[in-house]
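1. Sequence and computational prediction follow.
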Amino acid sequence: MISATHSNASTRTSKRVLIVVTSNDAFGTTGRKTGYYLPEVSHPLAKFKAAGYTVDFMSPKGGKAPVDPTSVDRKDAANVALLDDAQTMARLEATLTPTDVKADAYDAILFAGGMGTMWDFAEDARLGTLAAELYEQGKVVAAVCHGPAGLLSAKLSSGAWLVAGHAVAGFSNAEETAAGHDGLIPYRLEDELVARGAVFECAPLWKEKVVVSARLVTGQNPASAQGVAEQMVKLLG
């Protein structure tokens, strides 16, 4: 396991990014297997590696993070690069836990999506606390697809929701309905973000949509994962 004890971000020569993935492999009570959506990790990872960043992985429970079997497409070059990288895959099977991580060790955080997140990200207040700490330290906070579920518990020291007043994207109500998720998911991400004061923006079904609001970067769906990473790299300079 990679140690999460590092020097302060301002003293490091390499940017360090934390990618957060789900620990949950069950799609509610449907019997379907789920987990993190592979391209929402592989595409950002490729961008971060190209930028020379160091990347760590965290999940709510730590240890092996389940990948959604429907997302393992070997026609996707970024997926292949990750799947064939034994060292990185080993770290995804030994993810850090929130208690292993200190905000000042990182320059940015990315909450990757996948349906598994809908049952554990919002329920773990440690994720929201970490996101708020990073944001208040002037760092970049990002999420894609269902990953913004990790922001639902994020409150700033003022008591305001982190997303309040920010334009954000995430998996839309229309996409949930089109995907047949109505009645199967515990809440609708779009509704919960709006309830916390976010200004929700979305593109047509399955189209790329990336929104940057100050140091908050969000993407609508898997097609937006690469764009989210590109905007993170721009903000990190």
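-> Yep, it's here.

2. What residues does the closest residue to Y53 other than its chain neighbours make contact with?
-> Leaving aside its chain neighbours, Y53 sits nearest to K15 (4.5 Å; criterion: CB to CB, 6 or more residues apart in numbering). C-beta here means a position set from N, CA and C on the backbone, and glycine is covered the same way. K15 makes contact with 51-54, 107-108, 236 under the criterion CB atoms under 8 Å, 6 or more residues apart in numbering.

3. again, only this time at 6 Å
-> Contact partners of K15, counting by CB atoms under 6 Å, 6 or more residues apart in numbering, are 53, 107, 236.

4. Would you agree the first one is in contact with V17?
-> Yes: A contact is recorded between Y53 and V17 when judged using CB atoms under 6 Å, the distance being 5.2 Å.

5. can you redo the contacts of K15 as a markdown table with pLDDT?
-> Formatted as a markdown table, the contacts of K15 follow (pLDDT from 0 to 100):
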| residue | pLDDT |
| --- | --- |
| Y53 | 98 |
| D107 | 98 |
| L236 | 98 |
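
6. Let me have those residues in a markdown table, adding distance to C202 and neighbour count as columns.
-> Output for the contacts of K15, formatted as a markdown table (distance: CB to CB, whole Å; neighbours: other CB atoms under 10 Å):
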| residue | distance to C202 | neighbour count |
| --- | --- | --- |
| Y53 | 29 | 19 |
| D107 | 28 | 24 |
| L236 | 26 | 16 |
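
7. For this protein, which segments count as helices?
-> In chain order, the chain shows helices spanning 39-50, 77-83, 86-92, 125-136, 173-178, 189-195, 225-236, with DSSP state H as the criterion.

8. and the residue nearest the centre of the chain, what does it touch?
-> Closest to where the C-alpha atoms of the chain average out (CA atoms, centre = their mean) is F111, at 1.3 Å. Counting by CB under 6 Å, 6+ apart, F111 touches 20, 143, 147, 150.

9. Determine which two of those residues are furthest apart.
-> Largest separation among the contacts of F111 by CB to CB: V20 and A143, giving 8.6 Å.

10. for the contacts of F111, which one is nearest N221?
-> The shortest approach to N221 among those belongs to G147, at 10.6 Å (CB to CB).

11. So the closest residue to the closest one other than its chain neighbours versus L134, what's the distance?
-> Nearest residue to G147 in three dimensions, chain neighbours excluded: F111, at 3.5 Å (CB to CB, 6+ apart). F111 is 11 Å from L134, where distance means CB to CB, to the nearest Å.

12. got the contact list for stretch 50-60?
-> With contact meaning CB under 6 Å, 6+ apart, stretch 50-60 is reached by 2, 14-21, 23, 48, 65, 91-92, 95-96, 101, 120, 124, 233.
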